[in-house]
Structures are given as C-alpha cells and as structure tokens.
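Asker: Fold the following for me, if possible:
(chains A and B)
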Amino acid sequence: DGGITQSPKYLFRKEGQNVTLSCEQNLNHDAMYWYRQDPGQGLRLIYYSQIVNDFQKGDIAEGYSVSREKKESFPLTVTSAQKNPTAFYLCASSTRRTGDEKLFFGSGTQLSVL
Amino acid sequence: EDQVTQSPEALRLQEGESSSLNCSYTVSGLRGLFWYRQDPGKGPEFLFTLYSAGEEKEKERLKATLTKKESFLHITAPKPEDSATYLCAVQAHNQGGKLIFGQGTELSVKP
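Answerer: Residues are numbered from 1 along each chain as shown, chains lettered A, B, ... in the order given. This next block holds a predicted model:
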C-alpha cells in the first residue's frame, strides 16, 4: 500500500541532544512537508521541500534542520537549539499537479523531553 | 497575513443532532480550502477540497460548503464514530503548496 511512514512513534530527547525524525513516502510525490502540532493549536509549518536537494523554511524553522537527498525521504532533525521541542510532529507529502494539491499525512511522532 | 479561524473550539452533540462547524479565512488569493479529520494520536485524514465560492461537496453524513469568506462543514445525523477533531486549512497561490491550518474543532457525539 502506498503511504507515508513516520518513525519512531514516540521519541524522548535529553537536554542538549539532537534527535532525528524519519519520514519516508512511496507515493512518488515531489513535495514534502513537516508540521508541528501543539495541544489546542493549529498545525504550524516547520520546513517544506518541493523537489530533491531543495527546501524552504516555514513559519517556525528555528531550532530545526532538514535534508532532501532522495525523493522518498525527508528527515527532520530537532537540534538542541529548539528549547521547547515537546510536540506532535507530522510529515506530509503532495503532488504538484494543479487541481490535486491535497496533502497526505503520516501517523506522526510524539517527541517529549526527559 | 493569511489566517484561518475555526469555531467553535469544541462541540458536543447527541447522536442524530445535526450541526455545523465554521471556518473563517483571510488569504491573498485562495487556491483551495481543505477539510481534514484527525483522530487522537493520528495524522489528519483528507476529507474535501473546495476551490471556488458556491462549491459544495458531500461524503456520507458530511457536507462542505464555501463562500468568499468562510466554509462550513455540516454534519447530518451524526454518529459516535464521527467524533474527532476537524481541521480546516487554506492554500494560497504562489505559496509552494503549503497549507495554513486553523486550530480545529473537537467534535464529540454521544450515543
């Protein structure tokens, strides 16, 4: 079945530690996105990539980094500079075809600070 | 600034009690308005895309409508399995496909 796989489901970060969240898709989508979700708030865009080897900052990119070396993969690193990393992280992908812009989401990673 | 506001924040209904969720938006050139359903601890699931004022789409007990300023998600005779958070998002032209989300409406349907 085609879809988006995020791993791990739960992740714990120690003080000063960098952690990486995995996102893989087999939908052959060009565009991929990372959103952060906090309780009672809307999803906020961290980074997005429309094509391999290119990505752009979203609204809350500080303290995060990404790479897009392969079409299928868009990992997110939460660095020690992100002082409030506890949140639910969602990866999404989409085609770039006009009239079919809906995002498909993964099942999410819950990140907590120890 | 592009913005999406959903109301109410939470809605409790009895099974069979129809109601509507509201999504008000301001955007510099609407490319599309999206509705998603999200269950606790899971990723959002796509429901509808609306592109122009006057457009309507239906799926089972759900019907989405769009005007130039807002969208409504009408729920007819809801069942307990309709309980979830419903998210509204807009996509603007020349914004790289990214969506701007509202904070969601948490719907609870009691038997």
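
Asker: use CA for all of it now, contacts and neighbours both
Answerer: OK.

Asker: which residues sit against stretch B:81-92?
Answerer: B:4, B:6, B:23, B:25, B:27-40, B:44, B:97-109 (C-alpha atoms under 8 Å, 6 or more residues apart in numbering or on different chains).

Asker: Over to stretch B:64-78?
Answerer: Taking C-alpha under 8 Å, 6+ apart as the rule, stretch B:64-78 contacts B:13-26, B:48, B:50, B:52-58, B:61-63, B:109.

Asker: One more: stretch A:105-114?
Answerer: A:3-15, A:21, A:23, A:85-93, B:41-45.

Asker: Give me the buried subset of those.
Answerer: A:4-7, A:9, A:11, A:13, A:21, A:23, A:85-86, A:88-93, B:42-45 (16 or more other C-alpha atoms under 10 Å in any protein chain shown).

Asker: Please narrow those to those residing in strands.
Answerer: A:4-7, A:11, A:13, A:21, A:23, A:88-93, B:45 (DSSP state E).

Asker: what's the lowest-pLDDT member of the residues you listed?
Answerer: In terms of pLDDT, the lowest of these is A:R13, showing 90.

Asker: Now do the residue lying closest to it once chain neighbours are set aside against A:D38, distance only.
Answerer: Spatially, and ignoring its direct neighbours in sequence, A:R13 is nearest to A:V113 (4.8 Å; C-alpha to C-alpha, 6 or more residues apart in numbering or on different chains). Distance, A:V113 to A:D38, using C-alpha to C-alpha, to the nearest Å: 14 Å.

Asker: Sketch out the low-pLDDT regions of chain B for me.
Answerer: Residue ranges of chain B with pLDDT under 70: none are present.

Asker: where do the strands sit along chain B?
Answerer: B:3-7, B:10-14, B:19-26, B:30-38, B:45-50, B:56-59, B:62-66, B:70-75, B:84-92, B:100-101, B:105-110.

Asker: tell me the contacts of the residue in chain A that chain B sits nearest to?
Answerer: Closest to chain B within chain A is A:G42: 3.7 Å, counting by C-alpha to the nearest C-alpha. A:G42 is in contact with B:101-104, counting by C-alpha under 8 Å, 6+ apart.

Asker: So what does it look like in phi/psi?
Answerer: Dihedral angles of A:G42 (phi, psi; degrees, to the nearest 10) stand at phi -70, psi 170.

Asker: neighbouring contacts of stretch B:99-111?
Answerer: Here stretch B:99-111 has contacts from A:40-45, B:2-15, B:21, B:23, B:78-92, using C-alpha under 8 Å, 6+ apart.

Asker: For ChimeraX, what selects the buried ones among those?
Answerer: Buried members of those, defined by 16+ other C-alpha under 10 Å, are picked up in ChimeraX with:
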select /A:42,43,44,45 /B:4,5,6,7,9,11,13,15,21,23,78,79,82,83,84,85,86,87,88,89,90,91,92
